[in-house]
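Engineer: Sequence first, then the predicted structure:
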Amino acid sequence: MYQIEETGGANIGFGRATWPFAKLLVNKNELQLNASIIGTVYFRPSDIISIEPSTLFSGTGIKINHRVNEYSEKVIFLTSGSRDLIKRIEDTGFLNNPGLIPAEVEAKIIKYQSSGSFPMKWPAVIVFVVIWNLLFLSDQLGYFGNTQNPIPFGIGVQFALAFAFLFALSIQLSEPFSRLILKQGRKTREIRSFLLFLMFITGLMFTVISLIPH
């Protein structure tokens, strides 16, 4: 089966993923746009109204006009050569596929669409944000002793960075933990690029702060 895979950026609703955090996959039965932590949208041919070139302040790309109520109306894949990409999508047969799609593909699309585009459970996101902020502000609030330290990055900030690093690592290594964080049916690979980026940034910052004399 002929299919195309492209790497770029994406706008889904108010969220934006820059290159290379968005992946577009299209064949005659399905169109999937994975924008990592921003979300994943998944369409069958009958879900699509049209695909058209789009020009935004953030860049050029293609706008996917669709009928899925669970998704934001704004679904854009950012890439250069938008007209050429639309022609290649047409060549897959996706836009002119009136027939039934395979049952396993249909079941997967229904599962994805019913859970919305955002892959994580909102209670898990809220708990993460609360713990992160409590740890990050703990130096200023005096949770760990001296509030007169002239360096604003103390042990509380280090704890916050370590917490974020271990959170991202645990989602990838622990299946029970990933089930606790992700919506039912969603996979860690959908947000792996974001998790690796988060680990890189927090690990780097933790190392730099650890080297600063306190």
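Structural biologist: Yes, it's here.
Engineer: Show me the protein divided up by domain.
Structural biologist: Domain ranges of the chain: 4-114, 122-211, per automatic domain parsing.
Engineer: looking at the ones you listed, which has the lowest confidence?
Structural biologist: Per-segment mean pLDDT for the domains of the chain reaches its minimum on domain 122-211, at a mean of 88.
Engineer: Strands of this protein, residue ranges please.
Structural biologist: 4-12, 15-26, 31-34, 40-43, 48-56, 59-66, 75-78 (DSSP state E).
Engineer: out of these, which comes closest to Asn133?
Structural biologist: Smallest distance to Asn133 across the strands of the chain (C-beta to C-beta): 20.5 Å, for strand 15-26. Where you see a C-beta, it was placed from the backbone N, CA and C, and this is true even at glycine.
Engineer: what helices or strands is the closest one leaning on?
Structural biologist: strand 4-12, strand 31-34, strand 75-78, helix 192-211 (3 or more C-beta pairs under 8 Å, 6 or more residues apart in numbering; DSSP states H and E).
Engineer: which residues touch Arg170?
Structural biologist: Slight slip there: residue 170 is Ser, not Arg. 177-178 (C-beta atoms under 8 Å, 6 or more residues apart in numbering).
Engineer: gap between it and Tyr71?
Structural biologist: The gap separating Ser170 from Tyr71 is 29 Å, by C-beta to C-beta, to the nearest Å.
Engineer: Ser115 too?
Structural biologist: Taking C-beta to C-beta, one finds Ser115 at 11 Å from Tyr71.
Engineer: one step back: how about JSON lines for the helices and strands packed on strand 15-26, with distance to Ile126 added?
Structural biologist: Shown next, in JSON lines, are these (distance: least, C-beta to C-beta, whole Å):
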{"stretch": "strand 4-12", "distance to Ile126": "20"}
{"stretch": "strand 31-34", "distance to Ile126": "24"}
{"stretch": "strand 75-78", "distance to Ile126": "25"}
{"stretch": "helix 192-211", "distance to Ile126": "17"}
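Engineer: Dump the ones you listed into a markdown table; add mean neighbour count and distance to Arg67 as well.
Structural biologist: Converted to a markdown table, the helices and strands packed on strand 15-26 look like this (neighbours: other C-beta atoms under 10 Å; distance: least, C-beta to C-beta, whole Å):
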| stretch | mean neighbour count | distance to Arg67 |
| --- | --- | --- |
| strand 4-12 | 19 | 16 |
| strand 31-34 | 24 | 13 |
| strand 75-78 | 25 | 12 |
| helix 192-211 | 15 | 28 |
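Engineer: so which of these gets nearest Phe165?
Structural biologist: helix 192-211 (4.4 Å).
Engineer: Could you tell me how many residues sit around the nearest residue to Phe128 once chain neighbours are set aside?
Structural biologist: Spatial nearest neighbour of Phe128, chain neighbours left out: Phe167 (6.3 Å); criterion: C-beta to C-beta, 6 or more residues apart in numbering. Neighbours of Phe167 under the rule other C-beta atoms under 10 Å: 20.
Engineer: thinking again about what came up before, pick the most deeply packed of the domains of the chain.
Structural biologist: domain 4-114 (a mean of 17; mean count of other C-beta atoms under 10 Å).
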